[in-house]
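*Asks:* Show me how the following folds:
(one chain, ligands or ions: 1)
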Amino acid sequence: MATTEYDAVVVGAGPNGLVAANLLADAGLDVVVLEAQPEVGGAVRSARDVHPDYEHDTFSSFYPLAAASGAIGGLGLERHGLEWSHAPAVLGHPLPDGSWAMLHRDVDATARSLEALGSGDGDRWRAWVDDWRHVGDAMVDALTTPFPPLRAGARTLWALRSVGGIDYVRRLLEPAAALGSDGFEGPGAGLLIAGNAAHADIPADAAGSGLMGLLMTMLGQTVGFPVPRGGAGRLSAALARRFASLGGDIRTSSRVDRVLLRDGRAVGVRVADGEVVTARRAVVADVVASSLYGGLVSPEDLPARTARAMERFQIDPSTIKVDWALDGPVPWSSPPDAPPGTVHLADSVSEIAEATAQINAHTVPGEPFVLVGQMTTADPTRSPAGTEALWAYAHVPQDVRHDAGGDRITGRWDRDEVERFADRMQRRLEAHAPDLASRIVARRVLGPRELEARDANLVGGAVNGGTSAIHQQLIFRPVPGNGRATTPVPGLFLASASAHPGGGVHGAPGANAARAVLAEPALLRRARPLVARLRRGDVPTLREGAPDDRRLT
Ligand SMILES: Cc1cc2nc3c(=O)[nH]c(=O)nc-3n(C[C@H](O)[C@H](O)[C@H](O)COP(=O)(O)OP(=O)(O)OC[C@H]3O[C@@H](n4cnc5c(N)ncnc54)[C@H](O)[C@@H]3O)c2cc1C
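*Replies:* Presented below is the predicted three-dimensional model:
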């Protein structure tokens, strides 16, 4: 079998892998990306597989984090075909009485919506947005640059002085369920913040959820929730096109089944068909940590401490995603003034808190928190004029022990169970749009198995490469360490959402990994194998994990 050689091998063409590949190619490295699926993009893909006239995003859709992040924003993807599109309103949350809490990019419009739900809340919202304008950029930088974020951290501390210092920090530490009632009269701000917090898997009544909720809400307020014109896949296509323009190679349908080590250092990978691709400088893994340390690198090549810590690695909850092709817009019984791209469904903040707590307690929520995307509203090119490419997803436990909905869902997630849960989600929508069923031309439900089959990083339907809970963030991600992209295996770098700062399409783990590769001094690179060899007393071999086939050269 042929052996090919590059400076760097990137495993996985998700957004993080593609960002890393671009930055390494920018630095003049000869790079190949090996992707298991027949197309690039990871969880950033779209297709006409629900209905030929409708472009549906298969997984993710809204990219405020990409718009705000230097890692993706700095690549100039607009020169490679990417165009952003925005819905008339960013986010809407319908209340049981038919009113809506609305988030707009125009702060006055958001303030008017919140004022209608609580006297004085409009001005309170303006004050919160003013505070955010002082600290937001520095905080986003601090959260997305390698740990410890010295420069961005110092900027954040400096900025915090002007918004109340320690009081503001306390606000950020509040659980999302409490944060939005902090000084607000009506339910609007609380619903927006708690709903946005539920995009991650931290229960709305746990510390850390407030920061997540505030971050996403303020990003919606300041940069919106943009979508790529033409489908999520256009973002990945722009990343791939830029990389190819720098001479980079991408090979799809190429699943890597082993990272190859020589003297303890990663020197290449083996593709499932047996081909060996060697890396002169680095192997960069856009791979979920449990798969990287649970097979691609054999446990015996890991320090015992890492292998032990991985036993405690926690994946995030599972997901059920429903896509609908509608022959008209969603028939809301009481439509909002301006149609939002994203819609959150829950009757109250406590209902969001209950649904997120149930997931942590292995219980399938009876009234799940449902996130909805009206994609033709956000981008009219997604389906014929007057129709809607609609989706919704909701989280469910990885390990189901109870069903609070009374359907006796067991967590088998076979076709029957995913369809029954999809019916439960659809009923949540029908509570606000009773005639929805009459508009459905096609419906497709993806459960945990179907999601993972389309992207192996979505283990059991998890969307974020590991829980976002505080015990697995920063220096604890994916296992306690230094919070950086380096791994215990010299020459191997973790670039996926399993690395700090975690899930979402912002490219930060990919950019951090590329930086780490480029920062490794040549002398250290050369010395590491020697150090590893002395430590092990090993003879030099090109090792891979299959016990009877360990010497490849
Ligand atoms: C249903 C859903 C909705 C979401 N919604 C949003 C949203 O609206 N906005 C947002 O910002 N984020 C959203 N996310 C989260 C976001 O998509 C992910 O956090 C992000 O895609 C992670 O990027 P990644 O590059 O780390 O991994 P991925 O995007 O998962 O890509 C990993 C790639 O590696 C490949 N791979 C894995 N193992 C191997 C191997 N052994 N060999 C070769 N290739 C391999 C996979 O096939 C895949 O292509 C959503 C995710 C899901 C699933």
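*Asks:* Contact residues of the protein facing the ligand?
*Replies:* By the rule Cβ under 6 Å from any ligand atom, the part of the chain lying against the ligand is 11-17, 34-37, 42-44, 59-63, 65, 255-256, 286-287, 319, 321, 393, 451, 455-458, 463-465, 496-497, 503-505. C-beta here means a position set from N, CA and C on the backbone, and glycine is covered the same way.
*Asks:* quick one: the strands in the stretch 101-250 of the chain?
*Replies:* Along the stretch 101-250 of the chain, the stretches classed as strands by DSSP state E, counting those that start in this stretch are 227-228, 249-251.
*Asks:* Of the ones you listed, flag the one that's most buried.
*Replies:* Greatest average neighbour count among these goes to strand 227-228 (a mean of 28), per mean count of other Cβ atoms under 10 Å.
*Asks:* Phi and psi next, for the residue of the stretch 151-300 of the chain at minimum distance from the ligand.
*Replies:* Closest residue of the stretch 151-300 of the chain to the ligand, Cβ to the nearest ligand atom: residue 256 (3.8 Å). Note on residue 256: backbone dihedrals following degrees, to the nearest 10 are phi -90, psi 130.
*Asks:* ok, it - how many residues close by?
*Replies:* 26 (other Cβ atoms under 10 Å).
*Asks:* contacting residues around it?
*Replies:* Shown in contact with residue 256 (Cβ atoms under 8 Å, 6 or more residues apart in numbering): 11, 34, 36, 269, 270, 271, 272, 287, 296.
*Asks:* Now a PyMOL select for only the buried ones of the residues you listed.
*Replies:* Those of those that count as buried under 16 or more other Cβ atoms under 10 Å are selected in PyMOL with:
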select buried, resi 11+34+36+269+270+271+287+296
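*Asks:* Quick check: of the contacts of residue 256, which lies closest to residue 140?
*Replies:* Among the contacts of residue 256, residue 287 lies closest to residue 140 (Cβ to Cβ), at 25.6 Å.
*Asks:* per-residue confidence for the closest one?
*Replies:* pLDDT for residue 287: 98.
*Asks:* next one: the one 3 residues further on
*Replies:* Reading off the confidence values, residue 290 has pLDDT 93.
*Asks:* same deal with residue 432?
*Replies:* Residue 432 carries a pLDDT value of 98.
*Asks:* mind listing what the closest residue to it other than its chain neighbours touches?
*Replies:* Nearest residue to residue 432, sequence neighbours excluded (Cβ to Cβ, 6 or more residues apart in numbering): residue 94, at 4.8 Å. Contact analysis of residue 94 by Cβ under 8 Å, 6+ apart lists 100, 332, 334, 336, 343, 345, 432.
*Asks:* List the residues that contact the nearest residue to the fourth one once chain neighbours are set aside.
*Replies:* In other words, residue 336. Among residues not flanking residue 336 along the chain, residue 100 sits closest, at 4.1 Å (Cβ to Cβ, 6+ apart). Going by Cβ under 8 Å, 6+ apart, residue 100 touches 92, 93, 94, 113, 334, 336, 337.
*Asks:* Residue 169 now?
*Replies:* Here residue 169 is in contact with residue 160 (criterion: Cβ under 8 Å, 6+ apart).
*Asks:* Give me the contacts around whichever helix or strand residue 423 is part of.
*Replies:* Using DSSP states H and E, residue 423 maps to helix 415-430. Contact with helix 415-430 is made by 320, 322, 330, 345, 364, 366-368, 370, 372, 392, 394, 396, 405, 407, 409-411, 436-437, 443, 445-447, 450, as judged by Cβ under 8 Å, 6+ apart.
*Asks:* buried residues in that helix?
*Replies:* For helix 415-430, a neighbour-count test (16+ other Cβ under 10 Å) marks 417, 418, 420, 421, 422, 424, 425, 426, 428, 429 as buried.
*Asks:* measure the second one to residue 84 for me?
*Replies:* Pointing back at residue 418 there. 32 Å (Cβ to Cβ, to the nearest Å).
*Asks:* Strands along the stretch 351-500 of the chain, start to end?
*Replies:* Going by DSSP E, counting those that start in this stretch, the stretch 351-500 of the chain shows strands at 363-364, 370-374, 388-396, 402-403, 440-446, 492-494.
*Asks:* Out of these, flag the one nearest residue 207.
*Replies:* Residue 207 sits nearest to strand 388-396 of all those, at 19.3 Å, using Cβ to Cβ.
*Asks:* related to what we said a few turns ago, centre of the chain to the helix holding residue 423, how far?
*Replies:* Helix 415-430 sits 24 Å away from the centroid of its parent chain (Cα atoms, centre = their mean, to the nearest Å).
*Asks:* Could you list the alpha-carbon positions for that helix in PDB?
*Replies:* C-alpha atoms of helix 415-430 as PDB (Å, rounded to 0.1, in the frame of the first residue of the first chain):
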ATOM      1  CA  ARG A 415     -37.500   4.300  14.300                       C
ATOM      2  CA  ASP A 416     -40.600   4.000  16.500                       C
ATOM      3  CA  GLU A 417     -39.100   5.800  19.400                       C
ATOM      4  CA  VAL A 418     -37.500   8.700  17.400                       C
ATOM      5  CA  GLU A 419     -40.800   9.200  15.500                       C
ATOM      6  CA  ARG A 420     -42.800   9.200  18.800                       C
ATOM      7  CA  PHE A 421     -40.500  11.700  20.300                       C
ATOM      8  CA  ALA A 422     -40.600  13.800  17.100                       C
ATOM      9  CA  ASP A 423     -44.400  13.800  17.500                       C
ATOM     10  CA  ARG A 424     -44.000  15.100  21.000                       C
ATOM     11  CA  MET A 425     -41.800  17.900  19.600                       C
ATOM     12  CA  GLN A 426     -44.200  18.600  16.800                       C
ATOM     13  CA  ARG A 427     -47.100  19.000  19.400                       C
ATOM     14  CA  ARG A 428     -45.000  21.700  21.100                       C
ATOM     15  CA  LEU A 429     -45.000  23.600  17.800                       C
ATOM     16  CA  GLU A 430     -48.700  22.900  17.200                       C
END
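*Asks:* Just want the angle from it to strand 440-446.
*Replies:* Helix 415-430 and strand 440-446 are oriented at 130 degrees to each other (axes from the mean of the first three to the mean of the last three Cα atoms, to 10 degrees).
*Asks:* Doesn't residue 4 belong to a strand?
*Replies:* Yes - under DSSP: H, G, I helix; E, B strand; the rest coil, residue 4 sits within a strand.
*Asks:* The nearest residue to it once chain neighbours are set aside bridge partners, please.
*Replies:* Take residue 4 and drop its neighbours on the chain: the residue closest to it by Cβ to Cβ, 6+ apart is residue 277, 5.3 Å away. Residue 277 has these beta-bridge partners by DSSP bridges: residue 4, residue 269.
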